[in-house]
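Participant: curious how this folds, go ahead:
(chains A and B)
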Protein chains: 2
Amino acid sequence: MNSISIHPIGGIPEIAAGDDLASMIVEAANAADVAIEDRDIIVVTHKVVSKAEGQIREIPDEQTYRALVESEAANIIRRRGDLVITQTRHGFICANAAVDRSNVQNGYALLLPVDPDRSANRLRTLIERATGASIGVVITDTFGRPWRRGLTDVAIGIAGLPSLLDLKGTTDTHGNLLEVTEVAVVDEIASAADLVMGKATGIPVAVLRGLDLSGDGRVSDLVRPPGEDLFR
Amino acid sequence: MNSISIHPIGGIPEIAAGDDLASMIVEAANAADVAIEDRDIIVVTHKVVSKAEGQIREIPDEQTYRALVESEAANIIRRRGDLVITQTRHGFICANAAVDRSNVQNGYALLLPVDPDRSANRLRTLIERATGASIGVVITDTFGRPWRRGLTDVAIGIAGLPSLLDLKGTTDTHGNLLEVTEVAVVDEIASAADLVMGKATGIPVAVLRGLDLSGDGRVSDLVRPPGEDLFR
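Facilitator: The predicted structure follows:
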């Protein structure tokens, strides 16, 4: 195993619908002296992707926000007071159908991209075209966990990467067949990148360098099918 | 925000009960040219901590293993076939009471440390004494998630670090008060370190450098109290 490094990419201007986010990322990375290279993994918070794709809605009041959450949810999993745990159309289980009022102008909310893997693939293609580098892309959001307090970033869209690293059939240093077979490596990448992105710092992109990973996973591979789910 | 780097520390010999793990980590880090510095965060898989603390049990057969899982569990949360989702005495909810048959010699299993924060604090004190550096320590294990496939590493013991980064009252780049208030930064550190540690590679330690974090959190801060828990 090699060392890895994770570089915050700030200096990306406020994004509007239709903006060429890929070019903005390439330019900001150059300006940050982190010119994108082969095998870099570009981690992007969904907020800038959603803004570029016009996934923004006006919410003049709390009632409009609540209605938007309900309409974005494919299923309601639990309710307690104002807390609504939902499943999105993508299959993600998270609070408030991932409708997000932070890092957007007051009176508006961001939705997730309609097809986050497609968004990741489009970013990947455009960044590869601009730089000549072969890269991976992870689009992230911030989710809670049922039994652990605090939030962590997870992958909601991926391109050029495996979704799960399947270690089945490999042996550990003692020759035991591994019981732990599938590592959610793209979620670990999302969490790692959040360490340099923060929530309030205006850093929507990070470049993770040194991890030799490529694949053609889909984020839907990470969604546990209802038949496996013991906690719904 | 600065860049961070994460360095795998291999070359640690097989650990036996009573071994001075702290010295072994310091020596292996030196040998890997990653001499421990101020503000480094040392991430250690619990397996080597458990071995050094004698938290190892003989399991001659599957029945003994099953009995050990039941006796280690404080509560059984769900069962399906051989899959047992448990709460440990520490409050962690995970499969098989975290009783682990990988990376240990055949016929044995590892338990979690009795008090992982105390284990982390002891490692911190001994490493600080040996190096003169002021550091943080995170002890990790690999847990599943109810709604997402694949496993990620999480913190099960911490020292010299905040457990949750509370952003309450801070504003984002648009002046909105943040709704997301608590980031499980030590879980993000655990996941980040797993990217260079792997599961089958004999790398039980990583050094995370560049993150300016210190605090006196306890891992129990991360355990969601039953009254907040919607999914038990």
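Participant: touching the longest helix anywhere in chain A from outside, list them.
Facilitator: The longest helix of chain A (DSSP state H) is helix A:116-131. When contacts are taken as Cβ atoms under 8 Å, 6 or more residues apart in numbering or on different chains, the neighbours of helix A:116-131 outside the stretch itself are A:20-23, A:25-26, A:35-36, A:42, A:44, A:46, A:49, A:53, A:90, A:113, A:133-139, A:156-160, A:218-220. Where you see a C-beta, it was placed from the backbone N, CA and C, and this is true even at glycine.
Participant: confirm residue A:153 sits in a strand?
Facilitator: Yes - applying DSSP: H, G, I helix; E, B strand; the rest coil, one finds residue A:153 inside a strand.
Participant: okay, and the residue positioned nearest the centre of chain A sits in which element?
Facilitator: Central residue check for chain A by Cα atoms, centre = their mean: the C-alpha nearest the mean position is that of residue A:140, 1.4 Å away. Using DSSP states H and E, the secondary-structure element containing residue A:140 is strand A:136-143.
Participant: and residue A:71, its phi and psi?
Facilitator: Reported as degrees, to the nearest 10, the phi and psi values for residue A:71 are phi -80, psi -30.
Participant: okay, it: pLDDT?
Facilitator: Listed pLDDT for residue A:71 reads 95.
Participant: give me the domain ranges for chain A.
Facilitator: Chain A breaks down into these structural domains: A:5-53+A:112-221, A:56-111 (assignment by automatic domain parsing).
Participant: now distance to residue B:170 too, for those domains, in CSV please.
Facilitator: Putting these into CSV (distance: least, Cβ to Cβ, whole Å) gives the following:
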stretch, distance to residue B:170
domain A:5-53+A:112-221, 5
domain A:56-111, 10
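Participant: ranking those domains by burial, who's on top?
Facilitator: domain A:5-53+A:112-221 (a mean of 20; mean count of other Cβ atoms under 10 Å in any protein chain shown).
Participant: for chain A, what spans make up the helices?
Facilitator: Taking DSSP H as the criterion, chain A contains helices spanning A:21-31, A:46-52, A:62-72, A:116-131, A:185-197.
Participant: would a markdown table of the ones you listed with distance to residue B:225 be doable?
Facilitator: Formatted as a markdown table, these follow (distance: least, Cβ to Cβ, whole Å):
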| stretch | distance to residue B:225 |
| --- | --- |
| helix A:21-31 | 41 |
| helix A:46-52 | 30 |
| helix A:62-72 | 25 |
| helix A:116-131 | 33 |
| helix A:185-197 | 23 |
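Participant: now stretch A:213-220: mean pLDDT?
Facilitator: Along stretch A:213-220, the predicted confidence averages to a pLDDT of 96.
Participant: now do that stretch: distance from first to last residue.
Facilitator: End-to-end span of stretch A:213-220 (Cα to Cα, to the nearest Å): 19 Å.
Participant: with stretch A:174-189 instead?
Facilitator: With Cα to Cα, one end of stretch A:174-189 sits 28 Å from the other.
Participant: does stretch A:173-193 reach chain B?
Facilitator: Yes - if you take Cβ under 8 Å from any Cβ of the partner chain as the test, stretch A:173-193 does meet chain B, through A:173-176, A:178-180, A:182-185, A:187-189, A:191-192.
Participant: lowest-confidence one in those residues?
Facilitator: Among those, residue A:180 carries the weakest pLDDT, at 58.
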